[in-house]
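1. Any chance you could fold what I've pasted below:
(chains A and B)
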Amino acid sequence: MEITESVEEYLEALFILEEKGKKVAKISEVAGELKVTPPSAVEMLKKIEKEGLVDYRAREGVALTKKGRRLARRIIRNHRIAELLLTEILSVDIDDGLHEGMVCAIEHHITDEMADAVCTKLNHPRICPHGNSIPKGKCC
Amino acid sequence: MTIHEHDIDELLELLWTLKERNVDSLGEALRISEQENPERIIEEMENAALVEIKGDKISLTKKGDAMARDIIRRHRLAEVLLSQIFELSDEAVHAEACKFEHILGPDVTESVCTFLGHPPVCNHGNPIPRGECCQRFKKEMKPLVLPLTELSPGEDGRIVFIAPKEHKRLDKLTTFGVVPGSTIKLHQKTPSFIIKIGETDLAIDEDIAKEIYVRRAENGDNRKR
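-> Numbers count the residues shown, from 1 in each chain, chains lettered A, B, ... in the order given. Take a look at the predicted model:
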């Protein structure tokens, strides 16, 4: 299976739930985070499990594997760096509800080289505009 | 964005660059297109009234021309941003610009253009189509992040980033606490720039002051945190 943008969205959601202290997330929580129905979350998570990116246990919930977390970390980093690129450098208000789609498009498409370049330019910031921590990259 | 729209964007871009070279041959466009099955894409574009074809002559309609113009503008602005501000390699600049041209929304495109000071040409010297912000530029649109040299004496600024021509300089500035995030006050501009950072007064050359980009503090740092 190719790691598509929607797989990345799931990994990202699980990472965010982990940050909130939920190492093992309930399906309803994952579905809520992604605004999908629980059955479609289950279907997708089963596919992602086959790639070794998550552990899924019926009744208990779902958790990132080491490999899944590594991928998730990179997407989260790209997302938060993209936010800073827009707010800090380009003075764009990203909380007006119009830019979420663009931030997501950037997070899935920028290379590590680009993320590192922005990160370095901003002196390796540790938090995004919303106060969430930015995972360190190679440049940090 | 569907692959389909993406294909059309690529062809619009190609036709625009051919037009810049005064080439209007359909055969030439088909030959150099990197898209799969360009014939079919062109057909779609003709149906959508983006191009007109007469024999071997292809031209953009008013609608197609406006779309192509926006894509080219986004691509070339992204090139300038990525190479001049982020110092990416030429290869990386090209690859990223090709993505950014599809991603940037109209207001962010204006922000990039304004931030860069409405550059007239891209890295390769090709003209960047003007946007609305460029017309307004002289009257009202002032970039929010500007070189330290643009501040007036007495003004405060918060450092956003530093674009040093020499990396040694960056190390030196860092030792003095001149790093992104810190607040400075500009004391004087002549004969040299004197800034106050924390409790320290620091004299710097104009060349260096030009490389320190700040956001005016008095404008109210009204970003949501």
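
2. Report the contact partners of residue B:183.
-> Applying Cβ atoms under 8 Å, 6 or more residues apart in numbering or on different chains to residue B:183 gives the contacts B:156, B:157, B:158, B:159, B:197, B:217. To be clear about C-beta, it is placed using only N, CA and C from the backbone, and glycine gets the same treatment.

3. quick one: is the host helix or strand of residue B:160 near chain A?
-> For residue B:160, the element it lies in under DSSP states H and E is strand B:156-162. Yes: residues of strand B:156-162 contacting chain A under Cβ under 8 Å from any Cβ of the partner chain: B:160, B:161.

4. buried set for that strand?
-> Applying a neighbour-count criterion of 16 or more other Cβ atoms under 10 Å in any protein chain shown, the buried positions in strand B:156-162 are B:156, B:157, B:158, B:159, B:160, B:161, B:162.

5. sorry, back to before: what's the farthest-apart pair in the contacts of residue B:183?
-> Spatial extent of the contacts of residue B:183 (Cβ to Cβ) is set by the pair B:197 and B:217 at 13.0 Å.

6. what sits up against the helix of greatest length in chain A?
-> The helix spanning the most residues in chain A, taking DSSP state H as the definition, is helix A:66-84. Residues outside helix A:66-84 that contact it (Cβ under 8 Å, 6+ apart) are A:3, A:8, A:11-12, A:14-16, A:18, A:48, A:52-54, A:64, A:94, A:103-104, A:106-108, A:110, A:112, A:115, A:118-119, A:122, A:125, A:128-130, A:132, A:134-137.

7. helices or strands up against whatever helix or strand comes next after that helix?
-> Counting by DSSP H and E, the element after helix A:66-84 in chain order, helix or strand, is helix A:100-109. On a contact count with 3 or more Cβ pairs under 8 Å, 6 or more residues apart in numbering or on different chains; DSSP states H and E, helix A:100-109 meets helix A:5-19, helix A:66-84, helix B:90-103.

8. just the helices in chain B please.
-> Counting by DSSP H, chain B has helices at residues B:3-20, B:26-32, B:38-47, B:62-80, B:90-103, B:106-115, B:132-136, B:167-175, B:206-209.

9. what does the first one rub up against?
-> Contacts made with helix B:3-20 from outside it, assessed by Cβ under 8 Å, 6+ apart, are listed as B:24-25, B:28-29, B:32-35, B:38, B:41-42, B:44-45, B:48, B:50-51, B:58-60, B:64-65, B:67-69, B:71-72, B:75, B:101-102, B:126-127.

10. What subset of those residues is buried?
-> Among the contacts of helix B:3-20, those scoring as buried are B:24, B:29, B:33, B:35, B:38, B:41-42, B:45, B:50-51, B:58, B:60, B:64-65, B:67-69, B:71-72, B:75, B:101-102 (criterion: 16+ other Cβ under 10 Å).
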